[in-house]
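Engineer: I'll drop the sequence and a predicted model, then ask my questions.
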Amino acid sequence: MSDPMAVSRKLVAVFAADVEGYSRLMGADEVGTLQGLTERRAILDRFIGEHRGRIANTAGDSVLAEFGSAVEAVQCAVDAQTALAEANAGLAPDRRICFRIGIHIGDVMVRAGDLFGDGVNIAARLQLIAKPGSVCISGATYDQVRKVLPISFMDLGAQQVKNIREQVRAYQVGATTAEAEAAFVRVAETEGSPPLPDKPSIAVLPFQNMSGDPEQEYFADGMVEEI
């Protein structure tokens, strides 16, 4: 009988996705948003399966999957975003359910089917850099796919991301020059100090991970970012 707490390591392409503005959407229409999320998760899950990926973790609007091939992971993300955009086509901009996807190839730890480690954290940070409906990949992933996939990539430069000591080079998949410049602005705004508002406001501080498992910071950070 296998030990459920046993930990193994392997090199995979980590695929992290979540819905931009999910809390806002739920606040406006819980029933409609949940129904829309269920429909779009079915689309995303189908493409992950078709590209031989495995869903490892899910939490609310977040999906974490692994692929044995970086090429399959990126192609899956591009195909899924195209299908998801079609599903959103008839909706008002403020009612669209848009996923952001980050992909990184790296070494991960596996325990009871769940993924842990820097490889997961980097993919999650790249997901936060991606704009709604787009895909952001690491330099390591780019090196594996740039000569294989007939897709354009825009270099976003080296990014300093939370809890990762070394900078991570990021690329936006299929990005135009204007989109890349907008991404640079988003990163700069995230790293800089926000302007003081004219009216009182509420600041949401990072949630403390009480589980004792440092890898769960991925979900804590995602919750704070949505609030």
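Structural biologist: Arrived safely.

Engineer: use CA for all of it now, contacts and neighbours both
Structural biologist: Fine.

Engineer: What are the buried residues along stretch 19-30?
Structural biologist: Neighbour-count burial for stretch 19-30 flags 19, 20, 21, 22, 23, 25 (criterion: 16 or more other CA atoms under 10 Å).

Engineer: try stretch 76-86
Structural biologist: 76, 77, 78, 80, 81, 83, 84, 85.

Engineer: just for this protein, where's the confidence low?
Structural biologist: 1-2, 4, 175-227 (pLDDT under 70).

Engineer: hey, where'd the helices end up in it?
Structural biologist: For the chain, the helices defined by DSSP state H occupy 22-28, 30-50, 70-88, 118-129, 139-145, 177-191, 217-226.

Engineer: In terms of secondary structure, what does the first one contact?
Structural biologist: Contact here means 3 or more CA pairs under 8 Å, 6 or more residues apart in numbering; DSSP states H and E; on that basis helix 22-28 packs against helix 30-50.

Engineer: Buried residues of the helix it packs on, list them for me.
Structural biologist: Here helix 30-50 shows 33, 34, 36, 37, 40, 41, 43, 44, 45, 47, 48 as buried, counting by 16+ other CA under 10 Å.

Engineer: gap between the residue nearest to the fourth one when sequence neighbours are not counted and residue 88?
Structural biologist: Okay, so that is residue 37. The spatially closest residue to residue 37, leaving aside those adjacent along the chain, is residue 97, at 7.0 Å (CA to CA, 6 or more residues apart in numbering). Distance of residue 97 to residue 88, given as CA to CA, to the nearest Å: 7 Å.

Engineer: Can you give me every residue that contacts residue 167?
Structural biologist: 158, 159, 160, 161 (CA atoms under 8 Å, 6 or more residues apart in numbering).

Engineer: give me the number of residues near the third one?
Structural biologist: Counted with other CA atoms under 10 Å, residues neighbouring residue 160 total 15.

Engineer: Isn't it up against residue 126?
Structural biologist: No: using CA atoms under 8 Å, residue 160 is not in contact with residue 126; the gap is 10.6 Å.

Engineer: which one of residue 97 and residue 88 has more residues nearby?
Structural biologist: residue 97 (23 against 16).

Engineer: That one contacts residue 38, correct?
Structural biologist: No: contact criterion CA under 8 Å: residue 97 and residue 38 do not qualify, at 10.6 Å.

Engineer: Spatially central residue for the chain, please.
Structural biologist: With distances taken as CA atoms, centre = their mean, the residue of the chain nearest its centroid is residue 127 (3.0 Å).

Engineer: In contact with that one, which residues are there?
Structural biologist: Contacts of residue 127 by CA under 8 Å, 6+ apart are 16, 17, 18, 100, 101, 102, 103, 135, 136.

Engineer: One more pass at 7 Å, please.
Structural biologist: Going by CA atoms under 7 Å, 6 or more residues apart in numbering, residue 127 touches 16, 17, 100, 101, 102, 136.
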